[in-house]
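# 3D model of this:
(4 chains, ligands or ions: 2)
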Amino acid sequence: MEQLTSVLPVHTIRKDFPILDTCVYFDNAATSQKPVEVINSISNFYKNTNANVHRSIHRLGEKATAKYEDARERVRNFINARSVQEIIFTSGTTDSINLVASAFAEKFINEGDSILVTELEHHSNLVPWQLIASRKKATLCFVPLRDDLSYDTEALEKLPWHTIKIAAVSHISNVLGIENNIKSIISHAHGHDVPVLIDAAQSAGHIPIDVQAMDCDFLAFSGHKMCGPLGTGVLYGRERLLEQLPPYRGGGDMIHSVWKDKSSYAHLPCKFEAGTPNIVGAIGLGKAMNYLSRIGITAISDRIYTLSDYFYKATRDIDSIQFLETSEKTHGIFSFVHKIIHPHDLAQYLDSREIAIRAGHHCAQPLHRMLKIPASARVSLYFYNTESEIDCFRTALEEAERFFYV
Amino acid sequence: MEQLTSVLPVHTIRKDFPILDTCVYFDNAATSQKPVEVINSISNFYKNTNANVHRSIHRLGEKATAKYEDARERVRNFINARSVQEIIFTSGTTDSINLVASAFAEKFINEGDSILVTELEHHSNLVPWQLIASRKKATLCFVPLRDDLSYDTEALEKLPWHTIKIAAVSHISNVLGIENNIKSIISHAHGHDVPVLIDAAQSAGHIPIDVQAMDCDFLAFSGHKMCGPLGTGVLYGRERLLEQLPPYRGGGDMIHSVWKDKSSYAHLPCKFEAGTPNIVGAIGLGKAMNYLSRIGITAISDRIYTLSDYFYKATRDIDSIQFLETSEKTHGIFSFVHKIIHPHDLAQYLDSREIAIRAGHHCAQPLHRMLKIPASARVSLYFYNTESEIDCFRTALEEAERFFYV
Amino acid sequence: MFDELYQEILMDHYRHPRNAADLSHIPDSRIHENPTCGDAIKIEITSVNEMVTSIQHETYGCAISTASASLMSEYLKGKNVFQVQEEIIKFLKIMRGELPTDNLDTFEDLVCLAGVAKLPVRLKCATLAWHALLDCILHLVSGVTLP
Amino acid sequence: MFDELYQEILMDHYRHPRNAADLSHIPDSRIHENPTCGDAIKIEITSVNEMVTSIQHETYGCAISTASASLMSEYLKGKNVFQVQEEIIKFLKIMRGELPTDNLDTFEDLVCLAGVAKLPVRLKCATLAWHALLDCILHLVSGVTLP
Ligand SMILES: Cc1ncc(COP(=O)(O)O)c(C=O)c1O
Ligand SMILES: Cc1ncc(COP(=O)(O)O)c(C=O)c1O
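Numbers count the residues shown, from 1 in each chain, chains lettered A, B, ... in the order given. Ligands and ions are numbered 1, 2, ... in the order given. Here you go, the predicted model:
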């Protein structure tokens, strides 16, 4: 196969990720690798600046606080939020979505109401809403889909909008890799004064995100899928809405004043950050955003599209595999079933050739049920992957077929 | 002042914490410093083994999973839980307590019930219960205290046990440093079939903890206060009780099977670990426990008592300061008010002498209100502090008096 | 690791599962499933005087789960119901790492599954059939029919 | 940092606060508080024809909050209510780092608080009195009496 030329200096970039020399890492949708400068920012914090944040009248504490709040500003800038008050640090997308589900439901969801989701969602953007629905005697309602799994925008207006209190949809599916038409959901929802949460776990750090242009009300994503540390996440929320929500977790830092049996709560964003935050995690995430921005999110996004195109061309003549998503324009994520080889066996074979892919339902059982397949194999690419890694994959796949064919 | 001899090789130990050379760090109750081997375990994971856990059929994922589950076993062993199913990784004490408050309340707390706490609690063990009480129309009820702030064990039996559904008390107060008589609470509560949560944020890693001997039902603590990484915490729960609780957060990993509008949940401990966990955090916490165990928790505890004794003797002749806790047997934590110098000013002065202490209400406003003081200064020691650091503190305090005295 | 797992004998049982049968008469509600990967198995046993005379299975799954079902059915057929239970429990313990893998020595060809004990992610593949069979046996013994 | 903050002039205002008064006739509900450190202030102003003729305060707090109240009362006394608001807003912006600290040059002795802009933790100490005064002024202007 011909090597496509790329605008990104991939071979220089790969020096920032020494772990990539040990295997072909195609499991990026599960978690990305971290560049050395992010790893070092963590060690450096612990070695030189470690202290708790807020209220510390000593230099370590002041430095730690300044770095933590700088990271918040970095995040604000990265997603173009209006103010740092709209940026809440969480432990991940799952935590961010549960925060909204729980606090929003407490205030706004009552018996008989409904919550709009899709069957394409990751469990993290479905189960929290199921839990809330059952607690509040509300129901879930689903975005109508076309045969190609895109939103049926024509049918959107017929949804029971008068009962819908919030919509929660993913930006890029972690199984199909397609960018959903969130624009249409947001405009319909806003037409009915319904706020929209976007699960950006697979899009943040992959394509440019601008919450103001998007006009979403909440946006949730994880640090660890975009070169940042594990245990970090962000919830963006429109200030006016966040102000109205009751607190989620109770504890230190989220209070204004505490009496024996009641409390008043801190201003945003502290109101939603109870307890000692993952300070070093937030700082590392800020570093990851710096790193990605230096390369350029548009360049990264283009690179992922180029690689996807290469992958598509490199595999479309293999009759024995069938992709769940048939469009050419997937964003670095390819899930497929093999006519003979079970996803587990395929993953295990590829592992023996030092290629890491994922096999299973990828936390999207309803989607797999809808497609009537129990599980699939998934390749997920990031900007540091290469065309020659894709060639290796293709070769190993052919070997696997020779091994497993009866 | 004479140097007390110590069984701990403190000067060797301090080599593991290079940051201690940059200042006198007396803010350990806020967060401890981390030994180099814990810091390195984090970098090493990211450099060599980084992958998501569970369900990954590739060697990175398998190694990451094994390390993560080893850390769980390490925690089990550290607190002597019966099984790893009783060990849930959280993002901190605050998260652990909110998990219990929320899931326990959902199942067991109804209108008119009450929750037993104390006025000594950190906001993290008070505000979650206030939130639950107001959501469930329940009330808080307080452990009666003697003048010296110890539990009035005589009055315990007179509590309205028939309305109490759970008790939540701290092991060691983060303001007073006294070890509370949790034994008496636990035995009274169990006499009325009331489960007890222990907030061990200040005791884990400071004194030996054995949940079976303690006979508590839940135990919550943070990694970052015991030489572990930020953003980590543990909830221990008695298996029988955890089994009965509904899930807390919804998302990936905590499910067994998901349909469009309902789900069944995974076994313990996964049921309570929704989303990608802070894998590297758990591993670092396991390393911290190894580190502490190698020194010996009893030796650490003894060392803290020795230092406390030295601190007590070094400061008790200073008439201008008044300690909130007057007992000799505090566990490394000393909060006090100065007759003339405001805690903020004192902390700022000490900072100018490179001594880090804390000033404020230490997330315990109700306790400060009870003592009728708005704020206090707090020195908190850990095993790596030294007698000569205490001497520096005393000297700097005298200097501060000279500076601030009118 | 791959070669240790996918041995000749395992691949043979995967390609030609023994005691495999069309069990479409058994309702879907009695399928045993590993939801994380979609592997599914139906099991039917017959017994005479506390002896398991036949074990039939219909397995949809990976090579390891299919071969494990096939090997299991051969190994346990003809054994007493109580002994079958004992063997299942022992096998599960070995797979979970609670007993050393050399205990597989008495399990005839099943020894080819020793590698799984080192791969917690594949544990559920190797043990699915065994959990399903244990359920069947327990219901047989207790005389309770499955819902 | 300490020396930059605790300058001679600040310590002088701390030790001898100007315009300090016993305001025990003002109810506790009108105390302005910084709950994280317990600093508390009561403020009383009088005005004639839109001019603030006196600013009195009773401050319990650290050196910085006490001195800030004292310096503020001296600096703003005698100014027009609208100008007072403008000055307060400007001061708060400087402290929060939204305006460069050289803007303090026109604030007379208050320039001694420049260091606070570098110490976010002490921000609330330095601005407590200013928030309290702003509240008073706004209520005066809107004619609304405090609850
Ligand atoms: C007694 C006590 N409980 C709870 C907490 C809260 O811990 P974290 O902030 O790590 O969640 C702390 C620490 O500040 C504490 O000292
Ligand atoms: C689309 C989507 N949503 C949510 C999540 C959950 O993210 P996390 O596990 O980091 O909380 C993921 C990642 O697995 C995802 O891909």
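
# The residue of chain C found nearest chain B and B:Leu242, how far apart?
Across chain C, no residue is closer to chain B than C:Pro35, which sits at 4.3 Å (CB to the nearest CB). For glycine as for every other residue, the C-beta is placed from the backbone atoms N, C-alpha and C. Look at C:Pro35 and B:Leu242: by CB to CB, to the nearest Å, they are 21 Å apart.

# same check, this time on A:Lys34
33 Å.

# who's more crowded, these two?
Comparing A:Lys34 with B:Leu242 by other CB atoms under 10 Å in any protein chain shown, the one with more neighbours is A:Lys34, at 31 against 21.

# Show me which residues of chain C sit near ligand 1.
Within chain C, no position is near ligand 1 by CB under 6 Å from any ligand atom.

# Could you identify the longest helix within chain C?
helix C:123-142 (DSSP state H).

# Give me the residues contacting that helix.
A:344, C:32, C:34, C:36-37, C:39, C:41-45, C:47, C:52, C:55, C:57, C:59, C:61-62, C:64-65, C:68-69, C:72-73, C:76, C:81, C:84-85, C:88-89, C:91-92, C:95-96, C:113, C:116-117, C:145-146 (CB atoms under 8 Å, 6 or more residues apart in numbering or on different chains).

# Go again with 7 Å.
A:344, C:32, C:34, C:36, C:39, C:41, C:43, C:45, C:47, C:55, C:57, C:59, C:61-62, C:64-65, C:68-69, C:72, C:81, C:84-85, C:88, C:91-92, C:95-96, C:113, C:116, C:145-146 (CB atoms under 7 Å, 6 or more residues apart in numbering or on different chains).

# Stretch A:36-45 too?
Residues contacting stretch A:36-45 (CB under 7 Å, 6+ apart): A:16, A:227-229, A:280, A:283-284, A:287-288, A:291, B:39, B:42-43, B:46-47.

# Mind doing that once more with 6 Å?
A:16, A:280, A:283-284, A:287-288, B:39, B:42-43, B:46 (CB atoms under 6 Å, 6 or more residues apart in numbering or on different chains).

# now do stretch C:96-107
By CB under 6 Å, 6+ apart, the list of residues contacting stretch C:96-107 reads C:93-94, C:111, C:114, C:117.

# how about it: buried residues?
Using 16 or more other CB atoms under 10 Å in any protein chain shown as the test for burial, stretch C:96-107 gives C:99, C:101, C:104, C:107.

# Can you convert those into JSON lines and add a column each for distance to B:Glu154?
Shown next, in JSON lines, are the buried residues of stretch C:96-107 (distance: CB to CB, whole Å):
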{"residue": "C:Leu99", "distance to B:Glu154": "53"}
{"residue": "C:Thr101", "distance to B:Glu154": "59"}
{"residue": "C:Leu104", "distance to B:Glu154": "61"}
{"residue": "C:Phe107", "distance to B:Glu154": "63"}
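
# Quick check: the farthest pair among those?
C:Leu99 and C:Phe107 (11.5 Å; CB to CB).

# tell me which residues form a beta bridge with the closest residue to chain D within the stretch 251-400 of chain A?
Residue nearest to chain D within the stretch 251-400 of chain A: A:Ser257 (4.3 Å; CB to the nearest CB). Legend: beta-bridge partners of A:Ser257 under DSSP bridges are A:Ser264.

# Just name whatever secondary elements the host helix or strand of C:Leu10 is in contact with.
Using DSSP states H and E, C:Leu10 sits within helix C:8-15. Here helix C:8-15 touches helix C:63-76, going by 3 or more CB pairs under 6 Å, 6 or more residues apart in numbering or on different chains; DSSP states H and E.

# End to end on stretch A:145-160, go ahead and measure it.
16 Å (CA to CA, to the nearest Å).

# What residues of that stretch count as buried?
A:145, A:149-151, A:153, A:156, A:159.

# and that stretch with chain B, contact?
No. Contact of stretch A:145-160 with chain B (CB under 6 Å from any CB of the partner chain) is absent, the minimum separation being 12.1 Å.

# pLDDT averaged over that stretch, what's the number?
For stretch A:145-160, mean pLDDT is 95.

# Over to stretch A:114-134?
98.

# what residues does that stretch touch?
A:93-94, A:97-98, A:101, A:105, A:138-143, A:163-164, A:166-170, A:173-174, A:199, A:363-364, A:366-367, A:370, B:250-252, B:255, B:258, B:263, B:275.

# Next, residue 52: secondary structure please.
Using chain A here. coil (DSSP: H, G, I helix; E, B strand; the rest coil).

# look at chain C instead
Assignment for C:Val52 (three-state DSSP): strand.

# Tell me the confidence at it?
For C:Val52, the pLDDT comes out at 95.

# What residues does it make contact with?
C:Val52 touches C:45, C:79, C:84, counting by CB under 6 Å, 6+ apart.

# How many neighbouring residues does the residue in chain C that chain A sits nearest to have?
Nearest to chain A, among the residues of chain C, is C:Gly38, at 2.0 Å (CB to the nearest CB). C:Gly38 has 23 neighbouring residues, counting by other CB under 10 Å.

# Setting aside sequence neighbours, what's the nearest residue to it?
Leaving aside its sequence neighbours, C:Gly38 sits nearest to A:Pro374 (CB to CB, 6 or more residues apart in numbering or on different chains; 2.0 Å).

# What is the burial count for the one you found?
Neighbours of A:Pro374 using other CB under 10 Å come to 23.

# what do you get for the one 4 residues further on?
A:Arg378 is surrounded by 27 other residues when neighbours are defined as other CB under 10 Å.

# so it makes contact with A:Ala359?
No. Using CB atoms under 6 Å, A:Arg378 is not in contact with A:Ala359, being 7.4 Å away.

# show me what contacts the residue of chain C found nearest ligand 1?
With CB to the nearest ligand atom, the shortest gap between chain C and ligand 1 falls at C:Pro120, namely 30.1 Å. Applying CB under 6 Å, 6+ apart to C:Pro120 gives no contacts.

# what do you get if the cut-off is 8 Å, keeping everything else the same?
Here C:Pro120 is in contact with B:62, B:65-66, B:69 (criterion: CB under 8 Å, 6+ apart).

# Type out the ChimeraX command that picks the buried ones from those residues.
To isolate the buried members of the contacts of C:Pro120 in ChimeraX, using 16+ other CB under 10 Å:
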select /B:62,65,66,69
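
# ok, of the buried residues of stretch A:145-160, which one's closest to chain B?
A:Leu145 (12.1 Å).
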